[in-house]
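Peer 1: Below are the sequence and a predicted model; questions follow.
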Amino acid sequence: MTTAGPVSPWLPTAPCAPADCARHTSPAVGPVLAAVRLTMGIAAVLAGVLLAPLAAPLPAAGRRALVRRWCRLVILAFGVRMKVTGGPVPADGPLLVVANHISWLDIPLVATVLPGRMVAKREVRSWPVLGPLAARGGTLFIDRDRLRALPETVRTMAGAMADGGRVVVFPEGSTWCGRGGGAFRPAAFQAALDASVPVQPVRLEYRPVGPAAFVGDDSLAASLWRIATARGLTAEIRILDPISSIQYPNRRAFARAAQRAVASDSANRPSLSVHQRVISSPASASSARTPA
């Protein structure tokens, strides 16, 4: 995930800018409710970070269940409703989960349904609020300015999946506002090929799209406040059909297939989802009465 323009010519970028994309498109909630949401959201993150050592002795399945509940709590505390569609949600097992990238909310949103080791840029580790959330979730931090380190990152990802784990990556390499998307970069797909595991594409959407977008030189503080003040913000994660590594033995073809699946989903939705849940919090109830 990124919040600033690239510093190296090979890094991906998006044309999205906060002034044009990351803004409210409907009246915001009042400052009191927004302050309550912001306080609850930050408290939920910090509580999880502080209590995480107590979960260390639990078996892997127990830790994953706690991660799901914790990330769901973080999302709901900020007043965001969750919707899970498509499906079915794959059972535990080795997978490379890939998704389009819109917001820092993408991380807890995916983790509520498909918890795994996230891949994020190195700078995320030092972010307030989100840095501890990512670190406690076992995030694989990469230095995007060091191309030489990329093969080692791919080997680490492949090793995690070969051992039965799940890795989550946003292969666009940069956040987009949600009205468009970027090309999927192929490095992560090489890890799936090396580990002989399928790719699980998911599509993330936010409605209204503006408040959730975290793009360009947008600051984390501004993004947190914009989400806390959003009225009727809904986050959707749609589970798409998995893609076998046998179908696409070339990482670039593999990446293009996943990108097509994610990009085309919004235009080709069935009239009735196989699986759908909507989860909302009391803090969002008053804002949900007036659709955005």
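Peer 2: Sure thing, it's come through.

Peer 1: I figured Val215 hits Gly178, correct?
Peer 2: No: in terms of Cβ atoms under 8 Å, Val215 does not count as a neighbour of Gly178; the distance is 9.3 Å. C-beta: built from backbone N, CA, C; applies to glycine.

Peer 1: Would you map the helices across this structure?
Peer 2: 31-55, 60-77, 106-113, 130-136, 150-162, 187-195, 209-212, 220-228, 251-265, 282-288 (DSSP state H).

Peer 1: Can you list the helices and strands that the second one packs against?
Peer 2: Identification of packing neighbours for helix 60-77 by 3 or more Cβ pairs under 8 Å, 6 or more residues apart in numbering; DSSP states H and E yields helix 31-55, strand 81-86, helix 106-113, helix 282-288.

Peer 1: and the longest one, which residues are buried?
Peer 2: The reference is to helix 31-55. 33-34, 36-38, 40-42, 44-45, 48-49, 52 (16 or more other Cβ atoms under 10 Å).

Peer 1: which helices and strands does that helix pack with?
Peer 2: Helix 31-55 packs on helix 60-77, helix 130-136, helix 220-228, helix 282-288, going by 3+ Cβ pairs under 8 Å, 6+ apart.

Peer 1: The third one too?
Peer 2: Using 3+ Cβ pairs under 8 Å, 6+ apart as the contact definition, the elements that helix 106-113 packs against are helix 60-77, strand 81-86, strand 95-99, strand 117-121, helix 130-136, strand 199-207, strand 234-239.

Peer 1: center of this structure - which residue?
Peer 2: Asp106 (2.3 Å; Cα atoms, centre = their mean).

Peer 1: picking that back up, relative to Leu96, which of the helices and strands packed on helix 60-77 is closest?
Peer 2: Leu96 lies closest to helix 106-113 among the helices and strands packed on helix 60-77, at 12.3 Å (Cβ to Cβ).

Peer 1: just for the stretch 51-200 of the chain, where's the confidence low?
Peer 2: For the stretch 51-200 of the chain, applying pLDDT under 70 flags the ranges 129-130, 133, 136-137, 144-147.

Peer 1: Can you tell me how far the most far-flung residue of the chain relative to its centre is from Thr39?
Peer 2: Distance from the centre of the chain peaks at Val32, with 27.8 Å (Cα atoms, centre = their mean). According to Cβ to Cβ, to the nearest Å, Val32 stands 11 Å off from Thr39.

Peer 1: Between these two, which contacts overlap?
Peer 2: Here Val32 and Thr39 have no joint contacts, going by Cβ atoms under 8 Å, 6 or more residues apart in numbering.

Peer 1: Give me the distance from stretch 231-245 to the chain's centre.
Peer 2: 10 Å (Cα atoms, centre = their mean, to the nearest Å).

Peer 1: one step back: need the helices of the chain in JSON lines (columns: distance to Ile239).
Peer 2: Listed next are the helices of the chain as JSON lines, based on distance: least, Cβ to Cβ, whole Å:
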{"stretch": "helix 31-55", "distance to Ile239": "24"}
{"stretch": "helix 60-77", "distance to Ile239": "14"}
{"stretch": "helix 106-113", "distance to Ile239": "7"}
{"stretch": "helix 130-136", "distance to Ile239": "23"}
{"stretch": "helix 150-162", "distance to Ile239": "18"}
{"stretch": "helix 187-195", "distance to Ile239": "17"}
{"stretch": "helix 209-212", "distance to Ile239": "19"}
{"stretch": "helix 220-228", "distance to Ile239": "24"}
{"stretch": "helix 251-265", "distance to Ile239": "10"}
{"stretch": "helix 282-288", "distance to Ile239": "23"}
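
Peer 1: Looking at the ones you listed, which is nearest to Pro201?
Peer 2: Of all those, helix 251-265 comes closest under Cβ to Cβ, at 4.7 Å.

Peer 1: As PDB, could you dump the C-alpha coordinates of the closest one?
Peer 2: The C-alpha coordinates for helix 251-265 follow below in PDB (Å, rounded to 0.1, in the frame of the first residue of the first chain):
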ATOM      1  CA  ARG A 251       3.600 -15.700 -14.000                       C
ATOM      2  CA  ARG A 252       2.700 -12.900 -16.300                       C
ATOM      3  CA  ALA A 253      -0.200 -14.800 -17.800                       C
ATOM      4  CA  PHE A 254      -1.200 -15.800 -14.300                       C
ATOM      5  CA  ALA A 255      -1.200 -12.200 -13.200                       C
ATOM      6  CA  ARG A 256      -3.200 -11.100 -16.200                       C
ATOM      7  CA  ALA A 257      -5.900 -13.800 -15.600                       C
ATOM      8  CA  ALA A 258      -6.300 -12.700 -12.000                       C
ATOM      9  CA  GLN A 259      -6.400  -9.000 -13.000                       C
ATOM     10  CA  ARG A 260      -9.100  -9.700 -15.600                       C
ATOM     11  CA  ALA A 261     -11.200 -11.600 -13.000                       C
ATOM     12  CA  VAL A 262     -11.000  -8.800 -10.500                       C
ATOM     13  CA  ALA A 263     -11.600  -6.000 -13.000                       C
ATOM     14  CA  SER A 264     -14.500  -7.600 -14.800                       C
ATOM     15  CA  ASP A 265     -16.400  -8.700 -11.800                       C
END
